[in-house]
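A.B. asks: Following is a predicted model, sequence given first.
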Amino acid sequence: MCGGDQVAFDAAKPVMDCFAKATTLMGPSGAGQLTKMVNQICIAGLVQALSEGLAFAEKAGLDGNLVLDVISKGAAQSWQMENRGKTMLKREFNFGFAVDWMRKDLGICMEEAERNGAKLPLTTAIDQFYGEVQATGGNRFDTSSLITRL
């Protein structure tokens, strides 16, 4: 997710390709950072929905692993489900992208939304949920730890 001049991007791309799975010029300078904001907004929403779904499954007495196996084959499938669903059920959060980092990123998103007029009600709420995780000592937990507050 890069922003900048096409000529500069083309010159830097071979180097970025050595350490990045993909490199895409998103537009002028700043467009890469804005795209990263979109990514973080989407991830936060997905993790919250996955947390609620798995917590619901547990409360309903369903086998969470079986639920994941079934719904991951349909429209609900996501990277978060595939890579974090089972660890969420086990309450394992000692890896991955930390809550502190997500809150920093969501703060950047909300600042930009204030500037550009975008409305982020769900992102604002989820940022507060991550604040609750931090308040219980989960600062360095993976972002999938949102399920702990449910």
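C.D. replies: Thanks, I have it.

A.B. asks: which residues touch the residue nearest the centre of the chain?
C.D. replies: The centroid of the chain falls nearest to residue 43 when counting by CA atoms, centre = their mean (2.7 Å). Shown in contact with residue 43 (CB atoms under 8 Å, 6 or more residues apart in numbering): 80, 102, 143. All C-beta atoms are positioned from the backbone trio N, CA, C, and that covers glycine.

A.B. asks: Which strand or helix spans it?
C.D. replies: For residue 43, the host element (DSSP states H and E) is helix 31-59.

A.B. asks: what comes up buried for that helix?
C.D. replies: 31-32, 34, 36-37, 40-41, 43-44, 46-51, 53-55, 57 (16 or more other CB atoms under 10 Å).

A.B. asks: ok, and what's touching the helix or strand just after that helix?
C.D. replies: Per DSSP H and E, helix 31-59 leads on to helix 64-71 as the next helix or strand towards the C-terminus. The contact list for helix 64-71 (CB under 8 Å, 6+ apart) reads 53-54, 57-58, 77, 81, 85-86, 89.

A.B. asks: Now do the buried residues in helix 64-71.
C.D. replies: 64, 67-68, 71.

A.B. asks: what inclination does the following helix or strand past it have with respect to helix 31-59?
C.D. replies: Downstream of helix 64-71, the first helix or strand assigned by DSSP H and E is helix 79-90. Note on geometry: by axes from the mean of the first three to the mean of the last three CA atoms, to 10 degrees, helix 79-90 and helix 31-59 are set 40 degrees apart in direction.

A.B. asks: any chance of the contacts of helix 64-71 in CSV, with distance to residue 124 and pLDDT too?
C.D. replies: What follows is these, written out as CSV (distance: CB to CB, whole Å; pLDDT from 0 to 100):
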residue, distance to residue 124, pLDDT
53, 21, 98
54, 23, 98
57, 26, 98
58, 27, 98
77, 27, 97
81, 24, 97
85, 25, 98
86, 29, 98
89, 27, 98
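
A.B. asks: Widest-spaced pair of those residues?
C.D. replies: The span of these, defined through CB to CB, is set by 58 and 77 at 19.8 Å.

A.B. asks: Can you get me a residue count around residue 142?
C.D. replies: By other CB atoms under 10 Å, the residues close to residue 142 number 21.

A.B. asks: residues touching it, list them.
C.D. replies: By CB under 8 Å, 6+ apart, the neighbours of residue 142 are 84, 87, 93-99.

A.B. asks: Noted, bye for now.
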